[in-house]
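A.B. asks: no FASTA, just this:
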């Protein structure tokens, strides 16, 4: 039933295979969980296969430890013609004390697809003040994301005609490095 399932929640235990050398869950693993839970929410809303197109504002607030119960909560906060924006909170719960702590939060954006082409999704309209605030934040985040994309598009371009590209500048720095700092063959 499309346009009805606005939220999804995944629950599982953080396992030893999920951690880095510091004993905390890898940020990449958390991002994988966000993508999986977001995908389930996007398909649940649209009724179609969906692809991830952006993740914005990701913040790793507190670490997740082995044995923590991990809860990934996704909530639809904005729709476009073919896109869906979800607020995601990743919460870690210490099973011994029942203490919950926010570990990560972000907004993830999916586009519904039909035979390799973006497809229309059911519109979502905020009905509460809290939903309106979330929708406004999603809109602002999208605007900031577009501005950042514009800035990133210029990486690698010369900043002025005489300076060359970033790669050229880096090569120049390497060439100017004292011999004692040069890498050994």
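C.D. replies: Nice, thanks for sending it over. Treat the numbers as computed from the prediction; the structure is a model and nothing was measured. Residues are numbered from 1 along each chain as shown.
A.B. asks: how many neighbours does residue 44 have?
C.D. replies: 20 (other C-beta atoms under 10 Å). All C-beta atoms are positioned from the backbone trio N, CA, C, and that covers glycine.
A.B. asks: what's the closest non-adjacent residue to it?
C.D. replies: residue 5 (3.5 Å; C-beta to C-beta, 6 or more residues apart in numbering).
A.B. asks: please tell me I have it right and that neighbour contacts residue 45.
C.D. replies: Yes - using C-beta atoms under 8 Å, residue 5 is in contact with residue 45, at 5.8 Å.
A.B. asks: which of those two has more neighbours?
C.D. replies: residue 45 (26 against 16).
A.B. asks: quick one, strands of the protein?
C.D. replies: 7-13, 49-60, 69-79, 83-93, 100-114, 117-118 (DSSP state E).
A.B. asks: on that earlier part again, list the contacts for the residue nearest to residue 44?
C.D. replies: 41, 44-45 (C-beta atoms under 8 Å, 6 or more residues apart in numbering).
A.B. asks: residue 8 is in contact with residue 40, isn't it?
C.D. replies: Yes - counting by C-beta under 8 Å, residue 8 touches residue 40, with 4.8 Å between them.
A.B. asks: ends of stretch 72-90, what's the gap?
C.D. replies: 5 Å (C-alpha to C-alpha, to the nearest Å).
A.B. asks: how far does it sit from its chain's centre?
C.D. replies: Taking C-alpha atoms, centre = their mean, to the nearest Å, the mean C-alpha location of stretch 72-90 is offset from the chain mean by 11 Å.
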